[in-house]
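Student: 3D model of this:
(2 chains)
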Number of protein chains: 2
Amino acid sequence: MIVLKMGGGRDVNYDHICSDIARLCEDGKDLIVVHGGSHETNEISKKLDKPPRFVTSESGYESRYTDRETIDIFSMVYAGKINTNLTAHLQRLGVNAFGMSGVDGGIIRGERKDAIRVLEEGRRRVLRGGYTGRVTDVDAGALNGLMQAGYTPVISPPALSYEGDPINVDGDRMSAALAGSIGAGTLIILTDRPGLLRDPGDESSLVREIDQENLDRCISWAQGRMRIKVLAAREALARNVSRVVFSDGRVRSPVYAAMNGCGTTFLPIPGRTE
Amino acid sequence: MIVLKMGGGRDVNYDHICSDIARLCEDGKDLIVVHGGSHETNEISKKLDKPPRFVTSESGYESRYTDRETIDIFSMVYAGKINTNLTAHLQRLGVNAFGMSGVDGGIIRGERKDAIRVLEEGRRRVLRGGYTGRVTDVDAGALNGLMQAGYTPVISPPALSYEGDPINVDGDRMSAALAGSIGAGTLIILTDRPGLLRDPGDESSLVREIDQENLDRCISWAQGRMRIKVLAAREALARNVSRVVFSDGRVRSPVYAAMNGCGTTFLPIPGRTE
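Tutor: Residues are numbered from 1 along each chain as shown, chains lettered A, B, ... in the order given. As a prediction, this is how the structure comes out:
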């Protein structure tokens, strides 16, 4: 079982990824697809005169500030535009894709954060009334039922809060929670980078392998959005996922490349590739 | 089994409708919810600098002209914003709602129209390249499976074309196809009108009952959007749905009111209310 997260960066090639998904499904592999939508959400937000706002938490993680208007735009782009088009595209390739957000059937639940503490221009601030949260529960039974019925789930944020609100949850950490809950052996995260880079400006500085012991150190030097991805990798390993691969979503056969070890592989114990 | 279509008009009160849905589900009734989104789609389209365009077919039916950009906006609003918020709201009320569009799992399929013939300013024109179509197939097995698993399906257009594209299909006719395929006894269509009016400007001109024999005549005098709704009613009866009710979605307890005969009831044989 593989959980495949397709990043929402501008250069991620969904056509190439979908071709691989179709081949894998033809070969009888069990797959859950998760997708992002950050770039597109930024674009639509700007067009709707609601420019995106990003905040950095005290612990150094960057996230989209999501008020009531933003969560609607977020749902429109993730669960509406991207999820529908991706599901249709996979159907066109013969994959019986079933698109959903975490809200549907309460498949992915999370705790809404009443307040977030952020650093803005060096100052601490508390932001309230946001619709963001952290995934706390995945309905693995429902997902297994869908897969047994022959569907390939195509899942995106938002998740459902315990108060019944759609909330923006990080897609990478959601994928990690999903992979853990469903007992997936592999979590693949495809982005518009070759993997984790020691120097974000230099694609040749790719880190090939990281074990659980070195993961914490790596969180401290990872930059920007990559930081939360490394956190997601750590969470997946902690939930007994055998390996997490960050790989390039811009190339041909990106999923097979990732499965064959291209990119950065996170393992629980050094060198233990399964 | 009831199929309940909530219109997308501005004044339709989703809160009142959802309260009724929650009560019905508590009472163990099987329900499929379908929703519209026309008003909201118009609003978002304008904000995105893509003002809505409506065309009238040669046979006098009005519809949204849906090019590639419009189908994306349509998916965003219907499958993204409205479906997600409605599903979350029902979850909040204790209904295990599962939101989906017809694209998901190819649950609702339709034939895409290569070209539509329209009348514009008295002239005939052929418009090509649109993403609209007519529902031809409903996967009743999949919907039954979801209901048996305890979910209340919350469904919206778009449907999936046989070429694998999302297509704009009329929500009322989709509800009729759904009700027929699933063997529903009742189809309720709630709008921002008390029902079918003999005179659209006079809410006291409500037509209380129509049998199949008088339906064709009624299509000829129904106006604008109401015309396609009457067509949907005829299609539902032709598919052995026992009754179709057009009722007011602005009032308190709108679903119970409709079930108790408020509004316009369409019956196969005069006076045979079940």
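
Student: didn't A:D165 look like it was pressed against A:K113?
Tutor: No: counting by Cβ atoms under 8 Å, A:D165 does not reach A:K113; the two are 11.6 Å apart. All C-beta atoms are positioned from the backbone trio N, CA, C, and that covers glycine.

Student: Who are the packing partners of the longest helix along chain A?
Tutor: Assignment by DSSP state H gives helix A:224-238 as the longest helix of chain A. Taking 3 or more Cβ pairs under 8 Å, 6 or more residues apart in numbering or on different chains; DSSP states H and E as contact, the helices and strands that helix A:224-238 lies on are strand A:62-64, helix A:171-182, strand A:186-191, helix A:212-221, strand A:243-248, strand A:264-267.

Student: can you list contacts of the worst-scoring helix or strand of chain A on mean pLDDT?
Tutor: For chain A, using mean pLDDT, DSSP states H and E, the weakest element among its helices and strands is helix A:212-221, scoring a mean of 84. Identification of contacts with helix A:212-221 by Cβ atoms under 8 Å, 6 or more residues apart in numbering or on different chains yields A:196, A:198, A:207, A:210, A:227, A:230-231, A:233-234, A:237, A:266-270.

Student: Distance from it to the middle of the chain?
Tutor: 19 Å (Cα atoms, centre = their mean, to the nearest Å).

Student: Could you pull up the residues touching the residue of chain A found nearest chain B?
Tutor: Nearest to chain B, among the residues of chain A, is A:G80, at 2.0 Å (Cβ to the nearest Cβ). Applying Cβ under 8 Å, 6+ apart, one finds that A:G80 lies in contact with B:S75, B:M76, B:V77, B:Y78, B:A79, B:G80, B:K81, B:N83, B:T84.

Student: Make TSV out of these and add secondary structure and pLDDT.
Tutor: Shown next, in TSV, are the contacts of A:G80 (DSSP: H, G, I helix; E, B strand; the rest coil; pLDDT from 0 to 100):
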residue	secondary structure	pLDDT
B:S75	helix	98
B:M76	helix	98
B:V77	helix	98
B:Y78	helix	98
B:A79	helix	98
B:G80	helix	98
B:K81	helix	98
B:N83	helix	98
B:T84	helix	98
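
Student: In JSON lines: the residues you listed, plus distance to A:I44.
Tutor: Listed next are the contacts of A:G80 as JSON lines, based on distance: Cβ to Cβ, whole Å:
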{"residue": "B:S75", "distance to A:I44": "12"}
{"residue": "B:M76", "distance to A:I44": "8"}
{"residue": "B:V77", "distance to A:I44": "12"}
{"residue": "B:Y78", "distance to A:I44": "15"}
{"residue": "B:A79", "distance to A:I44": "15"}
{"residue": "B:G80", "distance to A:I44": "10"}
{"residue": "B:K81", "distance to A:I44": "11"}
{"residue": "B:N83", "distance to A:I44": "17"}
{"residue": "B:T84", "distance to A:I44": "15"}
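
Student: which of these lies closest to chain A?
Tutor: B:G80 (2.0 Å).

Student: how far away is that closest one from B:P158?
Tutor: Distance from B:G80 to B:P158, counting by Cβ to Cβ, to the nearest Å: 11 Å.

Student: what touches both of the two?
Tutor: A:T84.

Student: picking that back up, where among the helices and strands packed on helix A:224-238 is average confidence lowest?
Tutor: The minimum mean pLDDT among the helices and strands packed on helix A:224-238 belongs to helix A:212-221 (a mean of 84).

Student: Three-state assignment for A:I21, please.
Tutor: Under DSSP: H, G, I helix; E, B strand; the rest coil, the three-state class of A:I21 is helix.

Student: A:P153 is in contact with that one, correct?
Tutor: No: look at A:I21 against A:P153 with Cβ under 8 Å: they stay out of range, at 11.7 Å.

Student: A:E40 reaches A:K81, doesn't it?
Tutor: Yes: contact criterion Cβ under 8 Å: A:E40 and A:K81 qualify, at 6.8 Å.

Student: the more surrounded of those two?
Tutor: With neighbours defined as other Cβ atoms under 10 Å in any protein chain shown, A:E40 and A:K81 compare such that A:K81 has more, 24 against 18.

Student: and that one, how far is that from B:D72?
Tutor: Using Cβ to Cβ, one gets 5 Å for the distance from A:K81 to B:D72.

Student: what's stretch A:114-126 in contact with?
Tutor: Here stretch A:114-126 makes contact (Cβ under 8 Å, 6+ apart) with A:V55, A:T56, A:S57, A:E58, A:S63, A:L127, A:R128, A:G130, A:T132.

Student: and chain B, which of those residues contact it?
Tutor: The subset of the contacts of stretch A:114-126 lying close to chain B, counting by Cβ under 8 Å from any Cβ of the partner chain, is empty.

Student: from these, which would you call buried?
Tutor: A:V55, A:S63, A:L127, A:G130, A:T132 (16 or more other Cβ atoms under 10 Å in any protein chain shown).

Student: Farthest-apart pair in these, please.
Tutor: A:S63 and A:L127 (10.6 Å; Cβ to Cβ).

Student: which residues do the two both contact?
Tutor: Joint contacts of A:S63 and A:L127 (Cβ under 8 Å, 6+ apart) are A:V55, A:I116.

Student: So which of the helices and strands packed on helix A:224-238 has the densest surroundings on average?
Tutor: Most buried of these, by mean neighbour count (mean count of other Cβ atoms under 10 Å in any protein chain shown): strand A:186-191, with a mean of 27.

Student: Remind me what that strand packs against, helices and strands.
Tutor: Where contact means 3+ Cβ pairs under 8 Å, 6+ apart, strand A:186-191 is packed against strand A:2-6, helix A:171-182, helix A:224-238, strand A:243-248, helix A:254-259.

Student: For A:D15, which of the ones you listed is the nearest?
Tutor: Using Cβ to Cβ, these put helix A:254-259 closest to A:D15, at 10.4 Å.

Student: Show me what counts as buried in that closest one.
Tutor: For helix A:254-259, the neighbour count (16+ other Cβ under 10 Å) marks A:P254, A:V255, A:A257, A:A258, A:M259 as buried.

Student: and what of stretch A:67-87?
Tutor: Residues of stretch A:67-87 classed as buried by neighbour count (16+ other Cβ under 10 Å): A:70-87.

Student: between A:D165 and A:K113, who's got more neighbours?
Tutor: Applying other Cβ under 10 Å to A:D165 and A:K113 shows that A:D165 carries more neighbours, namely 21 against 16.

Student: got the contact list for the more buried one?
Tutor: Contacts of A:D165 (Cβ under 8 Å, 6+ apart): A:I71, A:R112, A:Y131, B:A88, B:R92.
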